[in-house]
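A.B. asks: next comes the sequence, and after it the predicted model I'd like to discuss.
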Amino acid sequence: MSEWKRTTKEVTLETLPVEAGSAIRRHIEQHSLGPILGDALMVIQTDSQKTKTGLFGGAGTVQMAAVITPRWLVWSVAEPKTDAAVLSAQLIDVTVQDYAQTPLAEMVPDSGIQVNGLFTSAGESASAFIGLDEGVAGNKFKKIVIQTAADAKK
């Protein structure tokens with residue numbers, strides 16, 4: 001069982017939380033990625049709350065927003081009292097798989113996708129986990145990202 005309670009919902013670029021939308025637009029501008037959001041296939045927001053709190057305090061809600069296009073995956077993560085961090089990757093440069101199918105899922109149960117490969121402006125390959133709930137929006141996003149990443153390599 002995951003240590004996180006996640007809620008994923010489908011949103012639009014216009015209804016993304018202000019901080020997430022601004023951080024994503026800044027990232028695109030800083031890296032000169034161009035108008036990559038114009039053909040967004042799906043936009044989601046996932047709010048994650050730790051089910052078990054640590055010894056030194058409670059857990060706030062971690063907010064993640066993600067956009068998938070035919071060529072790009074862009075996502076932001078914001079923890080309480082911190083600025084949003086944004087990552088992006090061209091789909092031809094990464095592999096995407098259902099986290100449940102990874103070896104780590106046996107040791108650390110959770111739901112979402114695992115992204116491996118070269119991220120924007122990274123000098124070497126990296127790995128990232130994008131947490132999703134197992135409801136309609138989370139499963140739809142997972143399916144679209146995995147299929148779109150596979151299609152980008154054809």
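C.D. replies: Alright, I've got the coordinates. Numbers count the residues shown, from 1 in each chain.
A.B. asks: pull out the buried positions in the longest helix along the chain.
C.D. replies: Longest helix in the chain by number of residues (criterion: DSSP state H): helix 136-152. For helix 136-152, burial by neighbour count (16 or more other CB atoms under 10 Å) applies to 137-138, 141-142, 145-146, 148-149, 152. Backbone N, C-alpha and C define where each C-beta goes, glycine included.
A.B. asks: helices or strands up against that helix?
C.D. replies: Applying 3 or more CB pairs under 8 Å, 6 or more residues apart in numbering; DSSP states H and E, one finds that helix 136-152 contacts strand 4-11, strand 42-50, strand 61-68, strand 94-98, strand 112-117.
A.B. asks: now do that helix, average pLDDT.
C.D. replies: The average pLDDT within helix 136-152 is 96.
A.B. asks: stretch 119-132 too?
C.D. replies: 93.
A.B. asks: in it, what's buried?
C.D. replies: 119-120, 128, 130-132.
A.B. asks: again with stretch 67-78
C.D. replies: For stretch 67-78, by 16+ other CB under 10 Å, it's 67-69, 72-78.
A.B. asks: out of the helices and strands packed on helix 136-152, flag the one nearest residue 26.
C.D. replies: Among the helices and strands packed on helix 136-152, strand 61-68 comes nearest to residue 26, with 13.2 Å by CB to CB.
A.B. asks: output the contacting helices and strands for the very next helix or strand once past that closest one.
C.D. replies: Remark: after strand 61-68, the chain's next helix or strand is strand 72-78, criterion DSSP states H and E. For strand 72-78, the packing partners by 3+ CB pairs under 8 Å, 6+ apart come out as helix 18-30, strand 61-68, strand 85-90.
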